[in-house]
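Asks: show me the folded form of this:
(chains A, B, C and D)
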Protein chains: 2
Amino acid sequence: MAPLSETGSAGKVTIADVAARAGVGAATVSRVMNESPLVAAHTRARVLEAIEEIGYRTSRVARNLSLRRTHTVAAVVPVFGRASTLERLGGVVARFADSTYDVALFSLERPERRGKEFALLADPGRVDGVLVVSMSPGDDEVARFRSAGIPVVVIDGAHPALPSIVIDDTAGGELATRHLLDLGHRRIAFVGDPPGSPYHLTTPYGRLEGYRESLRAAGLASPPDLVREGGNDRHIVHRLTEELLGLPDRPTAIFAGSDTHALGVLEAAERAGLAVPDDLSIVGFDDIAVAAYVGLTTVRQPLQASGERGGELMLELLGGAPSTPLYETLPLDLVVRKTTAPPGR
Amino acid sequence: MAPLSETGSAGKVTIADVAARAGVGAATVSRVMNESPLVAAHTRARVLEAIEEIGYRTSRVARNLSLRRTHTVAAVVPVFGRASTLERLGGVVARFADSTYDVALFSLERPERRGKEFALLADPGRVDGVLVVSMSPGDDEVARFRSAGIPVVVIDGAHPALPSIVIDDTAGGELATRHLLDLGHRRIAFVGDPPGSPYHLTTPYGRLEGYRESLRAAGLASPPDLVREGGNDRHIVHRLTEELLGLPDRPTAIFAGSDTHALGVLEAAERAGLAVPDDLSIVGFDDIAVAAYVGLTTVRQPLQASGERGGELMLELLGGAPSTPLYETLPLDLVVRKTTAPPGR
DNA sequence: TTGAAAGCGATACCAG
DNA sequence: CTGGTATCGCTTTCAA
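Replies: Numbers count the residues shown, from 1 in each chain, chains lettered A, B, ... in the order given. Here you go, the predicted model:
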């Protein structure tokens, strides 16, 4: 009589209750729940009816204990706030939405505790898999996960022993720089993450490489004072940009290592009274959502897609696929908007 | 000899192994793990030693089954991409970082499946608590959770039967509008979320109310054609703004219902060849991270703090505190930056 | 203080 | 096909 949700009473209906109600064994109910083909049609029907009648829902926890799984994957990020990281995370969440896995978030805000927190995820029975986003795990960490039999995939980061979703940063740096060169710029500066940053070990450095490469290919020198490295903190970027703009022969264009850096550069330029792009061209990297709003010319990488693809890979590993080390490179495009133009009059 | 991590072998060390190694019963090991005072000091020492030696880690899943808990809270958001929602989420994650709970993410992208997915979270043994972010649960949903005994707290949304972290949107709308009035504006428009949006049932509407209120208090009429409602999608906002700017007697200022809306307005204004703030003043709402970068004048609300506070409340409920319906109102400030000025020359 | 044993709620092997 | 039962690994009486 009562529809499936009206059962009212306590939520503690167990498999035994269903078994009793249907006049079958618990094993049979389990088979029905797991869509095993080894159940006679009429038996299945009876069980389903009983399930409906008493509003049975299988206990995830009990099931997990029995199966020795957690049905949870960890998404680990170095810091929660970074826009590009969040967009990737969105992709991960989307990919797992229809799966039987929960996505639990772990943010390693405090670098000093990073190792410890990471290690905890390798505890047996903690999570079934780990998606490392926007950072690169260390060898010791990788070893720990491997010996624990926990699959790991890296998104926007890399490790030679792990499947990693990456982009060709060098190519991206070239894309950005060549665009500026093509517009006629000759004094092009770079503002981006420092090489030794605690996360992002390898990745972003290539952007600077690509920049240098392009300059070299164009027969231009790359004066060290045109390269400024620092975190994406707004104030840091402001300072770096001011230094650049204060140079005797100031750059006519700046390639920023990330859109967040670019936003800071943009702001600093305006404060310095420079018109963008007339007095200064700026190109970013990532194409985060706000880039479109502010009309930022940038190198687009598929952020959301990187998360989805990483999730995809993780699901395969979870399904038993062997973990092959692999760098899966996502495509890049230059998106020309309104912060770049030929050098000023 | 070997330090805690070198145990090498399979990760399947159970409480029984420790018990055997230490020559005590499993119950005692359990007591030690849970810091029960009913263990003699020397026994505890022996157990701890054994734990260390064989690298024992208690199984979360088994513990959960025994305790009939999941040690997981769900953070439910209507869509994953919205900047303000993500900042709140950051607060939630931060608050739970040192807890024993995992935060699992649930994004209800498809409105038509919203009810179903929500309902699943009320299944017994699914999660221990639910944090609803940037939307308001319906009565039926609330009833379901209540009868399942699952605590719910709402952040940026509200329900009369639940603890809800809110802001005074009307006051915020007034703050924004009065600022514009004080600057001398008389034709002030509004662009923001439509009232009947699928999420955010009550909340943002107050912003429009506050706007109207202030206009009224200033003895000004609020012509209906100065109010444009639509989602925060970039293109929609562009259109709404263009309509406004195309008016015979165009507004000299626009109050945007959210910073995201404001960014769209800003962009549309520039496209229309208007200088901000000289030709058009714009004030947003939320103070998301990018607001500072673009110099947006806005009504700040404590986004991250709202998440932390919601998490705090949830932890109390999880700890056994009774769930009292309550609207906890967070403070608002006007942050004046560079998109507002007295009406044009 | 401590231990034996009974759950917690599934799954899956082994018979039948 | 189906059911009984051991098992997953921990917590928690209940007695000693």
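Asks: you'd agree residue A:243 is up against residue A:228?
Replies: Yes - Residue A:243 is within contact range of residue A:228, at 6.3 Å (criterion: C-beta atoms under 8 Å). In this view, the C-beta of every residue, glycine as well, is placed from N, C-alpha and C.
Asks: quickly find the element holding the closest residue to residue A:250 other than its chain neighbours.
Replies: Spatial nearest neighbour of residue A:250, chain neighbours left out: residue A:244 (6.7 Å); criterion: C-beta to C-beta, 6 or more residues apart in numbering or on different chains. In this structure, residue A:244 is located in helix A:234-245 according to DSSP states H and E.
Asks: what comes up buried for that helix?
Replies: Of all the residues in helix A:234-245, those buried under the rule 16 or more other C-beta atoms under 10 Å in any protein chain shown are A:234, A:236-238, A:240-241, A:244-245.
Asks: JSON lines please, covering the residues you listed and showing distance to residue A:317 and pLDDT.
Replies: Shown next, in JSON lines, are the buried residues of helix A:234-245 (distance: C-beta to C-beta, whole Å; pLDDT from 0 to 100):
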{"residue": "A:234", "distance to residue A:317": "38", "pLDDT": "95"}
{"residue": "A:236", "distance to residue A:317": "38", "pLDDT": "96"}
{"residue": "A:237", "distance to residue A:317": "38", "pLDDT": "97"}
{"residue": "A:238", "distance to residue A:317": "43", "pLDDT": "97"}
{"residue": "A:240", "distance to residue A:317": "40", "pLDDT": "98"}
{"residue": "A:241", "distance to residue A:317": "43", "pLDDT": "98"}
{"residue": "A:244", "distance to residue A:317": "44", "pLDDT": "97"}
{"residue": "A:245", "distance to residue A:317": "48", "pLDDT": "97"}
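Asks: please tabulate those residues in JSON lines, including the columns distance to residue A:125.
Replies: Formatted as JSON lines, the buried residues of helix A:234-245 follow (distance: C-beta to C-beta, whole Å):
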{"residue": "A:234", "distance to residue A:125": "42"}
{"residue": "A:236", "distance to residue A:125": "41"}
{"residue": "A:237", "distance to residue A:125": "43"}
{"residue": "A:238", "distance to residue A:125": "47"}
{"residue": "A:240", "distance to residue A:125": "46"}
{"residue": "A:241", "distance to residue A:125": "49"}
{"residue": "A:244", "distance to residue A:125": "52"}
{"residue": "A:245", "distance to residue A:125": "55"}
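Asks: start to end distance for stretch A:265-284?
Replies: 10 Å (C-alpha to C-alpha, to the nearest Å).
Asks: now stretch A:220-236
Replies: Stretch A:220-236 end-to-end distance (C-alpha to C-alpha) = 28 Å.
Asks: how many neighbours does the residue lying closest to residue A:216 once chain neighbours are set aside have?
Replies: Sequence neighbours aside, residue A:222 is the residue nearest to residue A:216 in space, at 7.1 Å (criterion: C-beta to C-beta, 6+ apart). Counted with other C-beta atoms under 10 Å in any protein chain shown, residues neighbouring residue A:222 total 18.
Asks: quick check, residue A:222 in a strand?
Replies: No - using DSSP: H, G, I helix; E, B strand; the rest coil, the secondary structure at residue A:222 is coil, not a strand.
Asks: dump the residue contacts of it.
Replies: By C-beta atoms under 8 Å, 6 or more residues apart in numbering or on different chains, the contact list for residue A:222 reads A:211-212, A:215-216.
Asks: for ChimeraX, write the select line for the buried members of those residues.
Replies: Buried residues within the contacts of residue A:222, by 16+ other C-beta under 10 Å, are selected in ChimeraX with:
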select /A:211,212,215
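Asks: looking at the contacts of residue A:222, which is nearest residue B:119?
Replies: residue A:211 (52.2 Å; C-beta to C-beta).
Asks: what about that closest one, distance to chain B?
Replies: 23 Å (C-beta to the nearest C-beta, to the nearest Å).
Asks: repeat that for residue A:25.
Replies: 21 Å.
Asks: wouldn't that residue be in contact with residue A:19 here?
Replies: Yes - Residue A:25 is within contact range of residue A:19, at 5.8 Å (criterion: C-beta under 8 Å).
Asks: low-confidence ranges in the stretch 101-250 of chain A?
Replies: Within the stretch 101-250 of chain A, the segments meeting pLDDT under 70 span A:196-203.
Asks: sorry, back to before: who has more neighbours, residue A:25 and residue A:19?
Replies: Ranked by neighbour count (other C-beta under 10 Å), residue A:25 and residue A:19 place residue A:19 first, with 19 against 13.
Asks: and the stretch 1-150 of chain A, which residues reach DNA strand C?
Replies: Taking C-beta under 7 Å from any atom of the strand as the measure of proximity, the stretch 1-150 of chain A contacts DNA strand C at A:12-16, A:25-27, A:30, A:33-34, A:58-59, A:61-63, A:65-67.
Asks: hmm, back to that, mind giving me the packing neighbours of the helix holding residue A:244?
Replies: Under the contact definition 3 or more C-beta pairs under 8 Å, 6 or more residues apart in numbering or on different chains; DSSP states H and E, helix A:234-245 sits against strand A:188-192, strand A:227-229, helix A:259-271.
Asks: give the contact list for residue A:126.
Replies: With C-beta under 8 Å, 6+ apart, residue A:126 has these contacts: A:70, A:74, A:120, B:60.
Asks: what do you get if the cut-off is 10 Å, keeping everything else the same?
Replies: Taking C-beta atoms under 10 Å, 6 or more residues apart in numbering or on different chains, we find residue A:126 in contact with A:70, A:72, A:74, A:104, A:120, A:148, A:150, B:11, B:57, B:59-61, B:102.
Asks: kindly reformat those residues as CSV containing secondary structure.
Replies: Formatted as CSV, those follow (three-state DSSP):
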residue, secondary structure
A:70, coil
A:72, strand
A:74, strand
A:104, strand
A:120, helix
A:148, helix
A:150, coil
B:11, coil
B:57, coil
B:59, coil
B:60, helix
B:61, helix
B:102, strand
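Asks: of those residues, buried ones?
Replies: A:70, A:72, A:74, A:104, A:148, A:150, B:11, B:57, B:59-61, B:102.
Asks: ok, of these, which one's closest to DNA strand D?
Replies: residue B:59 (3.4 Å; C-beta to the nearest atom of the strand).
Asks: tell me the contacts of the closest one?
Replies: Here residue B:59 is in contact with A:64-65, A:68, A:70, A:123-126, B:11-15, B:65-66 (criterion: C-beta under 10 Å, 6+ apart).
Asks: redo that, cut-off 7 Å
Replies: residue A:125 (C-beta atoms under 7 Å, 6 or more residues apart in numbering or on different chains).
Asks: quick one, phi psi at it?
Replies: Main-chain torsions, residue B:59, degrees, to the nearest 10: phi -80, psi 120.
Asks: that one and residue B:186: what is the separation?
Replies: Using C-beta to C-beta, to the nearest Å, residue B:59 is found at 68 Å from residue B:186.
Asks: what does the stretch 101-250 of chain A put close to DNA strand D?
Replies: Near DNA strand D, when you scan the stretch 101-250 of chain A using C-beta under 7 Å from any atom of the strand, you find residue A:125.
Asks: all set, thanks.
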